[in-house]
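Novice: sharing a sequence plus its predicted fold:
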Amino acid sequence: MLRALLYELYGRQLERSIRRGALPRHVGVILDGNRRYARRMGLAQVAEGHLRGADKVEELVSWCDDLEIPIVTLWALSTDNINRQPEELAAIFGIIEQKVAAFSERNGERPTRRIRVVGRRELLPDSTRAAIERTEEATASSGPGELLVAIGYGGREEITDAVRHLLADRVRNGDSLEGIVQDLHPDEISRYLYAPDIPDPDLIIRTSGELRLSGFLLWQSAYSEYYFCDVFWPAFRRIDFLRALRSYGNRERRRGR
């Protein structure tokens, strides 16, 4: 009881301090550790860890709403994850379908965020693609916030797809390969990324203690700040999020200068 009270007081003090400083406009989160959490907690199935992780997503989005962080990108499933056991994948896709639908409904209230999914959708089951399309259509005029969910996503794949589509467009316009090579520049590639209208992330958080990006937003994260947290994603607390924001606010962002 006393410990809970102290944490609450600490959290309030931390939040007041954070609100006085700089907050990120775009936060990316690598949702890592669902399976390890399930095993650590002795849950009957790994899928229960994924379900608790999906529930945590709703909490995170509400924290960002409260702090007026307008853009959130969550990495839910990588292209490498597609190779997992069929039983686990079926559970993950079912949870994704359930949660994206829940975000578009929000108890009948107009969602505060437009929801988009980025990644290679052709890798997903038909039912999952259909659920995603329904949610994107239902929230197309929602706002002012943005929620991007990376599903079937890989950073190398995104860059590859961007370059492929850029080349295809330039060739269709009659440009020669020599001409394309001579005037190709990063800004042109950026326009072909999965969500080119979204500004690059200011802060990227990874849970579970892993100290790598694993390909998350490789192109967009060139000048992002990183924060690595030991907590498994389903156990991630508001106070952990506030600590990440405090770390961000204490850094001097020079963007290579």
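Specialist: That came through, no problem.

Novice: so which residues of the stretch 151-257 of the chain form helices?
Specialist: Ranges of helices in the stretch 151-257 of the chain, per DSSP state H, counting those that start in this stretch, are 155-172, 177-183, 186-190, 238-249.

Novice: so which elements touch the second one?
Specialist: Right, helix 177-183. helix 155-172 (3 or more Cβ pairs under 8 Å, 6 or more residues apart in numbering; DSSP states H and E). Where C-beta positions appear, they are placed from N, C-alpha and C, glycine not excepted.

Novice: how about the helix it packs on: buried residues?
Specialist: Within helix 155-172, the residues that count as buried by 16 or more other Cβ atoms under 10 Å are Gly155, Glu157, Glu158, Ile159, Asp161, Ala162, Leu166, Arg170.

Novice: can you tell me which helices and strands it packs against?
Specialist: For helix 155-172, the elements it packs on are helix 177-183, helix 186-190, judged by 3+ Cβ pairs under 8 Å, 6+ apart.

Novice: okay, buried residues for the last one please.
Specialist: Judged by neighbour count using 16+ other Cβ under 10 Å, the buried positions of helix 186-190 are Ile189.

Novice: export it to CSV, keeping only CA atoms.
Specialist: Below are the C-alpha coordinates for helix 186-190, written out as CSV (Å, rounded to 0.1, in the frame of the first residue of the first chain):
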residue,chain,number,x,y,z
PRO,A,186,17.3,10.9,-50.2
ASP,A,187,14.2,13.1,-50.3
GLU,A,188,12.9,11.4,-53.4
ILE,A,189,13.2,8.0,-51.7
SER,A,190,11.5,9.3,-48.6
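
Novice: so the residue nearest the centre of the chain: helix, strand or coil?
Specialist: A centroid search over the chain (Cα atoms, centre = their mean) returns Leu74, at 1.4 Å, as the residue closest to the centre. Classification of Leu74 by DSSP: H, G, I helix; E, B strand; the rest coil places it in strand.

Novice: got a pLDDT number for it?
Specialist: Per-residue pLDDT puts Leu74 at 98.

Novice: one step back: closest one to Ile95 among the helices and strands packed on helix 155-172?
Specialist: Ranking the helices and strands packed on helix 155-172 by proximity to Ile95 (Cβ to Cβ) places helix 186-190 first, at 31.8 Å.

Novice: which residues touch that closest one?
Specialist: Ile159, Ala162, Val163, Leu166, Pro196, Trp219 (Cβ atoms under 8 Å, 6 or more residues apart in numbering).
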